[in-house]
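Here's my sequence, what's the structure:
(one chain, ligands or ions: 4)
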Amino acid sequence: MQRAERFPGASVLLLLLLLAARVVTAFEPISVGIAIGAVSALTGYLSYKDVYCRFAECCREEQPLNASALKLDLEEKLFGQHVATEVILKALTGFRNNKSPKKPLTLSLHGWAGTGKNFVSQIVAENLHRKGLKSNFVHLFVSTLHFPHEQKIKLYQDQLQKWIRGNVSACANSVFIFDEMDKLHPGIIDAIKPFLDYYEQVDGVSYRKAIFIFLSNAGGDLITKTALDFWRAGRKREDIQLKDLEPVLSVGVFNNKHSGLWHSGLIDRNLIDYFIPFLPLEYRHVKMCVRAEMKARGSAVDEDVVTRVADEMTFFPKDEKIYSDKGCKTVQSRLDFH
Ligand SMILES: Nc1ncnc2c1ncn2[C@@H]1O[C@H](COP(=O)(O)OP(=O)(O)OP(=O)(O)O)[C@@H](O)[C@H]1O
Ligand SMILES: *[C@@H]1O[C@H](CO)[C@@H](O)[C@H](O)[C@H]1NC(C)=O
Ligand SMILES: *[C@@H]1O[C@H](CO)[C@@H](O)[C@H](O)[C@H]1NC(C)=O
Ligand SMILES: [Mg+2]
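Numbering: from 1, shown residues only. Ligands and ions are numbered 1, 2, ... in the order given. Reported below is the predicted structural model:
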């Protein structure tokens, strides 16, 4: 109960409950517990836990994922990533509907700069835990920020193991996001490898309901090459399927010294459940990003400005100029000038 006092809404409710209990005890010796039950029922709540979880954040392991909400979110907000959308949806619903998964879910997101990897992890986090990246059960680690010094690897390894153990003990379906995997020392990934494996428990803690998401640019060139091949062959972008990309990706990433997963054993032990490719974004997707940003700022969509901002972006390859160099990344700051 004490924990509820940290939240203003909850403390008001608590006060009411206590007052109610007082009034009741004035007439007959009835326990505070029953009073709380009565008031909860009166206010339409089912249990104390429900009341508490309205105000505070709870780790609700039993709560199923709302797959249609996630689908809607991805389809409305994420542009030009039909492969990623499909795979993420399938992976997450499958995992969350499985009552006893054999290992934690591990997703590895790959792609060119500004194609939506962080954006997607934010959407996923919000669908798993109401407060998204601000949730106590979602942890974002940025290599260059959290693990910058090569000589401190040992410290980082111990720290990370302690954190993951502590956080998963507190909430089994915690989410861990590792950004900038390409700049991560492989030793760090080795430190978390035992948690990703098919163990029932490690030192009394089960990691099987946790979710690990890795983000990197590794393999972005291979994905772009495949997309370009499709384009040059006159085939539609939407015809690109996971099977066209996944083999290239896992081999390419494995052999890429700067992928963070390089010879880490995660790949040859099949500990990564899904490699998720993010396609390079085209001119029309950049325009969609500009429109979305304008709407988010509450202003009317002005097609002249949309075109001007999109035209300011640079595109590659040199001859065809199909894909945006920075994806949608600088759209927001560019929009400030218009
Ligand atoms: N596919 C997309 N659909 C909609 N918006 C996008 C998409 N890609 C990028 N954006 C927009 O651009 C911003 C930057 O993208 P994001 O940070 O997700 O890129 P990233 O893939 O993580 O790039 P990097 O590899 O450089 O870190 C996002 O906040 C989002 O607003
Ligand atoms: C799931 O999400 C959809 C779309 O946001 C919503 O209409 C529906 O009520 C949600 N279902 C549950 C069980 O929360
Ligand atoms: C959970 O992880 C965070 C880092 O995101 C860390 O600061 C915190 O100490 C961890 N909690 C426990 C109980 O280990
Ligand atoms: Mg990013």
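
Now tell me what touches stretch 222-239 from outside.
Contacts to stretch 222-239, defined as CB atoms under 8 Å, 6 or more residues apart in numbering, come from residues 80, 82, 110-112, 240, 244-245, 248-249, 252, 277-280, 282, 317, 320, 322-323. For the C-beta atoms, the positions are set from N, CA and C on the backbone; glycine is no exception.

and the residues you listed, which of them are in helices?
82, 244-245, 248-249, 252 (DSSP state H).

hey, what's the closest residue to L128 other than its chain neighbours bridged with?
Nearest-residue entry for L128: V175, 5.7 Å, with adjacent residues in sequence omitted and distances by CB to CB, 6 or more residues apart in numbering. For V175, the beta-bridge partners are V138, I211 (DSSP bridges).

contacting residues around V175?
124-125, 128-129, 135, 137-139, 210-213.

near ligand 3, from the residues you listed?
Among these, the residues lying close to ligand 3 (CB under 6 Å from any ligand atom) are H139.

which two from the contacts of V175 end up farthest apart in space?
Spanning the widest gap among the contacts of V175 are S135 and F212, at 15.6 Å by CB to CB.

More neighbours: which of these two?
F212 (24 against 18; other CB atoms under 10 Å).

And what about the nearest residue to that one once chain neighbours are set aside, helix, strand or coil?
Excluding its sequence neighbours, the residue lying closest to F212 (CB to CB, 6+ apart) is T106, at 4.6 Å. Secondary structure state of T106, per DSSP: H, G, I helix; E, B strand; the rest coil, is strand.

neighbours of T106, just the number please.
21.

that older thread, how near is the residue nearest to L128 to ligand 3?
Distance of V175 to ligand 3, given as CB to the nearest ligand atom, to the nearest Å: 11 Å.

Tell me, what's the model's pLDDT at that residue?
In the prediction, the pLDDT value recorded for V175 is 98.

any idea how far it is from ligand 2?
Separation of V175 from ligand 2 (CB to the nearest ligand atom): 19 Å.

try L140
Taken as CB to the nearest ligand atom, the span from L140 to ligand 2 is 25 Å.

Residues contacting the host helix or strand of that residue, please?
Using DSSP states H and E, L140 sits in strand 138-142. Residues outside strand 138-142 that contact it (CB under 8 Å, 6+ apart) are 121, 125, 128-129, 131-133, 147, 160, 163, 167, 174-180.

Could you list the contact residues of the stretch 51-200 of the chain toward ligand 3?
139, 162-163, 166-167, 170.

Show the overlap between the contacts of stretch 222-239 and what lies near ligand 1.
Restricting those to contacts with ligand 1 (CB under 6 Å from any ligand atom) yields 80, 111.

Can you get me a residue count around K99?
7.

Just to be sure, it is in a helix?
No. Assigned with three-state DSSP, K99 falls outside any helix and is coil.

Give me the nearest residue to T93, chain neighbours excluded.
A67 (4.4 Å).

and the one you found, how far is that from L89?
For A67, the distance to L89 (CB to CB, to the nearest Å) stands at 7 Å.

swap in G298?
29 Å.

And for I223?
19 Å.
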